[in-house]
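Novice: I would like the atomic coordinates for the input below:
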Amino acid sequence: MDRRRFLAASAGALALTAGCASNDSEPGETPTRGDDPTTGGGTSTDPDSGGETTTPAVPDAVGLETLASGLQNPLDIAFTQDGDRRYVAEQPGRVRVVGDAGLRDEPLLDLTDTVVTGFEQGLLGIALHPDFDENRRLFVRYSAPRRDGASTEYSHTFVLSEFTVSADGLTADRGSERVILELDQPQANHNAGSVLFGPDGYLYVGTGDGGAANDSGFGHVGDWYDGADGGNGQDVTENLLGSILRIDIDGRDGDRAYAIPDGNPLVGRDGLDEQYAWGFRNPWRLAFDGETLFAGDVGQNRYEEVDVVDAGGNYGWNVREGTHCFDADDCPSSTPDDVRGGEPLLQPVIEYPHSGEPVSGISVITGNVYRGDAIPGLQGAFVFGDFRAQGRQFVATPADSGLWSTSVLPVADGDAGKLSQILSFGRDGGDLYALGNGGDGGGVHRLASTS
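Specialist: Residues are numbered from 1 along each chain as shown. Below is the predicted model of the structure:
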């Protein structure tokens, strides 16, 4: 199996790997909405321009203002509501504090003796309760050893836990841990990792399809589609893998440490109540822009995609990779009528290939819409990256239908060495932050104007 590195180790550091397999047949395209999507390459056809291709009007480059360096694989960031403190998750299991004066030596929370690391495992996501300033509730998503009772064939256990942070915001009480959710993971990869609160106050949790390749094999259940073996992405009844979950952590439901929002799409229907959307391979990062939820789904070996996520949406894996049939020349555009009423397989809004110019890569890193004032020309554009992009970012122009036009957003020459491997993004107010590895190790950088 041809494996590619998703989040790779820098010297002596740990690695996160997207996992892929070679696929000898060229998949055919199967658009599932009325528009013919453009496919990668950085341009799209504007119907009002006489058929000419157009690209977004974006800055020639952006700068990187470094807030902290010397981190070890920074994978997620959370911002306090007063804006004077940032919490950063390091893959080995520490949550670090970044203030206006830089990185604090002592971690907020150290789980290195508990967290399973290597490959795509580790401390993968953090989130602060919307009322954090009052209740001090911190949520973390990490990889742990197999829990008691799990099959020895499984790799590890997904853990979502809550901790209480001190009034000064500098220490989390290790003894306050309350486990919210545990999921057994068949393989070590495709763990996703994002946890974030939506504008509705509920917690959204991304889960990968369980690992390995093709969404098939041990730990990958059967589904309605006969064109490919597996899998967890298309199943909503047997497990919570290959999905985005939505839970209410301010309530409890029976033996659960959380409640189920009444509006979840499978409540009262055939399926697990936690499910919010499904059909994902490895939705590594999630992001909210207002009420719009973005998910970047890491592809297998041909296409990367970013989705706008709707409640009850099916995003196609492993029937499709991006807009293309996976491992088949033809594939359906919806489930059968007897599978949730024939739901459509929804299109991504961004797709790009694993080879070609100007936009290509191997593992999409979801960003967000830039809503700041510091970078003229970037307002309203969706900024994202790819692990292989050598620190370059990409930018997409939102459109009402079809794939969004994408182009390269270079980093200014003087800042390019700060971020050779993008691992994650975050947004505070309108400003965007890029996390990753560079010449000074792992760092947190705010996107800035070059003028």
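
Novice: what about residue 149, neighbour count?
Specialist: 6 (other CB atoms under 10 Å). Where C-beta positions appear, they are placed from N, C-alpha and C, glycine not excepted.

Novice: same question for residue 389.
Specialist: Residue 389 has 24 nearby residues by other CB under 10 Å.

Novice: need the contact list for it.
Specialist: Counting by CB atoms under 8 Å, 6 or more residues apart in numbering, residue 389 makes contact with 361, 422.

Novice: now swap in the one 3 residues further on and tell me
Specialist: By CB under 8 Å, 6+ apart, the contact list for residue 392 reads 385, 408, 409, 410, 411.

Novice: closest to residue 311 out of those residues?
Specialist: residue 385 (27.0 Å; CB to CB).

Novice: now do the SS call for residue 447.
Specialist: Put simply, residue 447 is strand when judged by DSSP: H, G, I helix; E, B strand; the rest coil.

Novice: can you report how many residues neighbour it?
Specialist: Residues near residue 447, counting by other CB under 10 Å: 26.

Novice: residues contacting it?
Specialist: 62-65, 370, 372, 374-375, 378, 383, 393, 431-434.

Novice: of the residues you listed, select the buried ones using a PyMOL command.
Specialist: Only the buried entries of the contacts of residue 447 go into this PyMOL selection, using 16 or more other CB atoms under 10 Å:
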select buried, resi 62+63+64+65+370+372+374+375+378+383+393+431+432+433+434
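
Novice: now the strands for the stretch 301-450 of the chain?
Specialist: 303-309, 320-321, 324-325, 350-353, 364-369, 382-386, 393-397, 405-409, 421-428, 431-438, 441-448 (DSSP state E, counting those that start in this stretch).

Novice: the fourth one: how far from the chain's middle?
Specialist: Averaging C-alpha coordinates over strand 350-353 and over its chain gives two centres that are 15 Å apart (CA atoms, centre = their mean, to the nearest Å).

Novice: using the three-state scheme, assign the residue nearest in space to the middle of the chain.
Specialist: In the chain, the residue lying closest to the centroid (CA atoms, centre = their mean) is residue 285, at 1.5 Å. The local conformation at residue 285, judged by three-state DSSP, is strand.

Novice: OK, contacts around the closest residue to it other than its chain neighbours?
Specialist: Nearest residue to residue 285 in three dimensions, chain neighbours excluded: residue 366, at 3.9 Å (CB to CB, 6 or more residues apart in numbering). Residues in contact with residue 366 (CB under 8 Å, 6+ apart) are 284, 285, 286, 287, 294, 295, 296, 306, 384, 425.

Novice: list only buried entries from those residues.
Specialist: Of the contacts of residue 366, these count as buried by 16+ other CB under 10 Å: 284, 285, 286, 287, 294, 295, 296, 306, 384, 425.

Novice: and the fifth one, bridged to which residues?
Specialist: Same thing as residue 294. residue 287, residue 308 (DSSP bridges).

Novice: what sits against it?
Specialist: Contacts of residue 294 by CB under 8 Å, 6+ apart are 286, 287, 288, 306, 307, 308, 309, 366, 368, 382.

Novice: any idea which of those residues is closest to residue 154?
Specialist: residue 286 (24.5 Å).

Novice: my guess is that closest one contacts residue 193. True?
Specialist: No - the pair residue 286 and residue 193 does not pass the contact test of CB atoms under 8 Å, sitting 9.2 Å apart.

Novice: which neighbours do those two have in common?
Specialist: Shared contacts of residue 286 and residue 193, counting by CB under 8 Å, 6+ apart, come down to residue 206.

Novice: run a quick neighbour tally on the residue nearest to residue 269 when sequence neighbours are not counted.
Specialist: Distances taken as CB to CB, 6+ apart place residue 340 nearest to residue 269, at 7.6 Å, with adjacent residues excluded. For residue 340, the count of nearby residues is 19 (other CB under 10 Å).

Novice: please tell me I have it right and residue 340 contacts residue 270.
Specialist: Yes - contact criterion CB under 8 Å: residue 340 and residue 270 qualify, at 7.5 Å.

Novice: what is in contact with these two at once?
Specialist: residue 236.

Novice: thinking again about what came up before, which ones are touching the residue nearest to residue 269?
Specialist: Contacts of residue 340 (CB under 8 Å, 6+ apart): 236, 269, 270, 271, 314.

Novice: dump the buried ones among the contacts of residue 366 into JSON lines; add distance to residue 121 and pLDDT as well.
Specialist: As requested, the buried ones among the contacts of residue 366 are exported to JSON lines (distance: CB to CB, whole Å; pLDDT from 0 to 100):
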{"residue": "284", "distance to residue 121": "13", "pLDDT": "97"}
{"residue": "285", "distance to residue 121": "16", "pLDDT": "98"}
{"residue": "286", "distance to residue 121": "19", "pLDDT": "98"}
{"residue": "287", "distance to residue 121": "22", "pLDDT": "98"}
{"residue": "294", "distance to residue 121": "24", "pLDDT": "98"}
{"residue": "295", "distance to residue 121": "20", "pLDDT": "98"}
{"residue": "296", "distance to residue 121": "19", "pLDDT": "98"}
{"residue": "306", "distance to residue 121": "24", "pLDDT": "98"}
{"residue": "384", "distance to residue 121": "24", "pLDDT": "98"}
{"residue": "425", "distance to residue 121": "21", "pLDDT": "98"}
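
Novice: what is the nearest of these to residue 204?
Specialist: Distances from residue 204 to the buried ones among the contacts of residue 366, taken by CB to CB, are shortest for residue 286, at 6.1 Å.

Novice: OK, contacts around the closest one?
Specialist: 194, 196, 204, 206, 244, 293, 294, 295, 296, 309, 366.

Novice: and which of those residues is nearest residue 129?
Specialist: Using CB to CB, the contacts of residue 286 come closest to residue 129 at residue 196, 11.3 Å.

Novice: packing partners for the helix or strand the closest one falls within?
Specialist: Using DSSP states H and E, residue 196 falls within strand 195-197. On a contact count with 3 or more CB pairs under 8 Å, 6 or more residues apart in numbering; DSSP states H and E, strand 195-197 meets strand 123-128, strand 137-144, strand 203-207, strand 283-289.

Novice: partner strands of the helix or strand that contains residue 67 and their direction?
Specialist: Element membership of residue 67, judged by DSSP H and E, is strand 63-71. Using DSSP bridges, strand 63-71 pairs in its sheet with strand 441-448 (antiparallel).

Novice: much appreciated, bye for now.
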